[in-house]
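Undergrad: Curious how this folds, go ahead:
(one chain, ligands or ions: 2)
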Amino acid sequence: MAPKTPSSLPLYEIKYRKNYISRVIELFILFLLFSLLAYRFLTLKFHGLQWLLALICESWFTFIWILTVSSKWNQVEPTTYPLRLLERTLKFPAVDIFVTTADPVLEPPLITINTVLSLLAVDYPANKLACYVSDDGASIVTYYSLVEASKFAKHWVPFCKKYNIALRAPFRYFSGNSSPPQDSSQEFQQDWTRMKDEYKQLCKKIEDASTQEPETCDFDVFSNIQQKNHPTIIKVILENKEGVADGLPHLVYISREKRPKHPHQFKAGAMNVLTRVSGVMTNAPFMLNVDCDMYANNPQVVLHAMCYFLGAKDEIDCGFVQFPQFFYDGLKEDPYGNQLKVLHEYFGRGISGIQGPFYQGSGCFHRRKVIYGSSPYEKITAGELKDEYIQKTYGMSEKLSTSIAKTLLEGSNIIEQFNSDSPSSSIEIAHQVGSCGFEFGTAWGQKLGWLYGSVAEDILTGLFIQSRGWKSAYCLPDPPAFLGCAPAAGPASMIQQKRWATGLFEVLLNSKSPIIGTLFGKLQLRQCMAYLQIQLWGLRSIFEVCYAILPAYCLITNSHFLPQANELSIVIPASIFIIYNLYVLSEYIRANEPIIAWMNNQRMWRVNAMSAWLFGILSATTKLLGFSETAFEITKKDQNDTNSDIGRFTFDDSPIFVPGTAVLLLNLSALFIGVLDFKKGNNIEWGLGEVICIMWIVFVFWAFLKGLFAKGKYGIPTSSILKAGALALLLVHLFKFKQ
Ligand SMILES: O=c1ccn([C@@H]2O[C@H](COP(=O)(O)OP(=O)(O)O[C@H]3O[C@H](CO)[C@@H](O)[C@H](O)[C@H]3O)[C@@H](O)[C@H]2O)c(=O)[nH]1
Ligand SMILES: [Mn+2]
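TA: Ligands and ions are numbered 1, 2, ... in the order given. As a prediction, this is how the structure comes out:
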């Protein structure tokens, strides 16, 4: 065999995990679940309401388990080879990078500029990159910070490239290091110290600006505007006019027009403006989007993504390339269960073995034409793109139409397409396409761009792409490509989970729901099942709450919903409980996660399911009935809350904590009532099974139990406890009455 030349080696490889043992265990659990259902069904007539409720809930859990097993069946082990790519070619396609920020308080500008700096410094020809920052907060501080950061970038980027620095977000690079590494050269030590000083000054400037607004004439546009009522603001901060590969990429600030009566569609709206503004300015064939807190942790990210785009034999195989979301400074042992490591490890790799990962909203590279609504192999001729059609669909702008036509007609020539004009020459048209009336009557948000109608715009948009037949690729470089902030407080974490549950459920009811995508589109059946697995989070809450109430119901009404300890059939539910939990534990161990993280996560999944998801489905339903609109509540990004016991669960007066507290109180009272009954020597119908269930619920809500007695932010506010108590009391009486 002839030795392989660099150009014949594959740029990526996808292997499949040999997860046979896992599959067997998962199928065995499924078998046990079916046995349980059969047993319940056959014995239904000997038991009361609680038996029927248990049967309904367990049927639902079985259904979810089928979705889970299918989603995790084919887990991928992808590898990308950026070095081979570098050996193969010197010509790279252009990439437009989008960073979104929306609130200078919840999303401190220092975090945003670190993300931007890490992106400006990636290993990729600078003349092929343009970074666009969308600021829905229209904040002068954010803009000022970016301007100052761009000055710092002129030294930072060359420094990173000269010494091949691995971590190019300065706040992470300098954190904890007060002096340069001692074993390095004199020159490096000097440069290091200089950079660190400059970065300190930058931080100081930004800090000062947030207390006293900066004043220069350049900032006039920001004076006298309101966050939700202002014209489009676009500023070209950095421009690589000469097009030099080792210079700096373009950097453009955009705050789209906002008017009070005009729905602005949250992040999806911002992404569409970014798409259009970049379309008229640079029109790169690929775009990367990241949330403002998701800095590039691996300087080769773009190269890794290009391994897929340039290495795929068939374009259909990668409509987009998703890097999973990982988080930095994650709280030890993941008390809020939101670092999602284990979810990515099995579920994420599993769906990547079907039609590809979901689009996760951040850390994703898209083909521009995919965002423009095209389908795989779609051959568009110039005739079909007659201006009239384009303008009706994409909006009235000649320059934008031309650029869109170019993208759609592109064929396979993605390298040459870069727009050679400098961004500032298109600034007027950019203002026009960034205005809020531009989309009126067009297909933006409906059939192209980022889709409207769900606060989980990412899942909706990705689903629509996959329903057109595109596959997506999962990229897992080492070190991880992007790192962001996971919420580090109880309320923030709950609000995020609630938003996801709402948004995911909205997608299910949308005209682009996965079921429709499979029936009428090109979404694969098992991909549809994977989407359902997450989109049913909201509905799951009802069954989970019901099931958590059952043991309490039994103790209060002196009945049982599980077979008694001396019956042989108790083996079925007992073994489901034991095998399932041990199996999940083994997943954590295999993923090198601490056992405590497993414990915390198991609890938090249940807590989220019974509180945040419940509110999620409530808000999706009230929207559906037309009572309210769902809103995108932004997650707080800063987590340097120094004087607090990080990791200890925190509460606030949000009603979101009421149902969980009520479930806990109800079970505790049931236990109390049961023990009294038992002491009285009454004939007891319930048994060990029900008592273990109550113990388990107390274990799940341990943080809430502690919260009942703690003060300040660690305690559940008295008003919430009273509401939950009243609810629990009401249920106790209802059950008693029924009896
Ligand atoms: O009106 C808005 C609201 C939000 N954002 C941006 O959207 C991003 C995500 O917001 P965040 O509060 O961090 O939400 P997360 O729950 O952490 O985000 C995940 O889930 C969202 C969908 O619920 C996706 O949009 C995100 O990309 C995904 O990372 C941030 O960059 C925001 O600045 C806007 O630009 N405009
Ligand atoms: Mn976020």
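Undergrad: who in the stretch 551-700 of the chain is up against ligand 2?
TA: Taking C-beta under 5 Å from the ion as the measure of proximity, the stretch 551-700 of the chain contacts ligand 2 at T635. Every residue, glycine included, has its C-beta placed from N, CA and C.
Undergrad: Quick one: name the residues of the stretch 551-700 of the chain near ligand 1.
TA: Taking C-beta under 6 Å from any ligand atom as the measure of proximity, the stretch 551-700 of the chain contacts ligand 1 at F632, I634, T635.
Undergrad: can you redo these as JSON lines with neighbour count and pLDDT?
TA: Conversion of those to JSON lines gives the following (neighbours: other C-beta atoms under 10 Å; pLDDT from 0 to 100):
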{"residue": "F632", "neighbour count": "20", "pLDDT": "92"}
{"residue": "I634", "neighbour count": "21", "pLDDT": "93"}
{"residue": "T635", "neighbour count": "20", "pLDDT": "92"}
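Undergrad: Check this protein and tell me which residue is nearest its centre.
TA: With distances taken as C-alpha atoms, centre = their mean, Q360 lies nearest the centre of the chain, 4.8 Å away.
Undergrad: In contact with that one, which residues?
TA: Q360 sits next to Q322, P324, Q325, D458, G462 when contact means C-beta atoms under 8 Å, 6 or more residues apart in numbering.
Undergrad: on that earlier part again, want to throw the residues of the stretch 551-700 of the chain next to ligand 1 into CSV with secondary structure?
TA: Compiled in CSV, these are given as follows (DSSP: H, G, I helix; E, B strand; the rest coil):
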residue, secondary structure
F632, coil
I634, coil
T635, coil
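Undergrad: same for the host helix or strand of I21, what does it pack against?
TA: Secondary structure from DSSP states H and E places I21 in helix 20-43. Helices and strands in packing contact with helix 20-43 are listed as helix 49-72, helix 571-590; criterion 3 or more C-beta pairs under 8 Å, 6 or more residues apart in numbering; DSSP states H and E.
Undergrad: Can you add mean pLDDT and mean neighbour count and give the ones you listed back as JSON lines?
TA: What follows is the helices and strands packed on helix 20-43, written out as JSON lines (pLDDT from 0 to 100; neighbours: other C-beta atoms under 10 Å):
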{"stretch": "helix 49-72", "mean pLDDT": "98", "mean neighbour count": "18"}
{"stretch": "helix 571-590", "mean pLDDT": "98", "mean neighbour count": "15"}
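Undergrad: residues contacting T193?
TA: S179, P180.
Undergrad: do the same with A481
TA: A296, N297, N298, V301, H304, F323, G363, C475 are the contacts of A481 under C-beta under 8 Å, 6+ apart.
Undergrad: so what's the residue of the chain found nearest ligand 1 up against?
TA: With distances taken as C-beta to the nearest ligand atom, the chain approaches ligand 1 most closely at G361, which sits 2.2 Å away. Residues in contact with G361, defined by C-beta under 8 Å, 6+ apart, are K267, N289, D291, E457, D458.
Undergrad: What pLDDT is listed against S644?
TA: Among the per-residue scores, S644 shows a pLDDT of 63.
Undergrad: go on, the one 3 residues further on?
TA: We have a pLDDT of 76 for G647.
Undergrad: Fine by me, we can end here.
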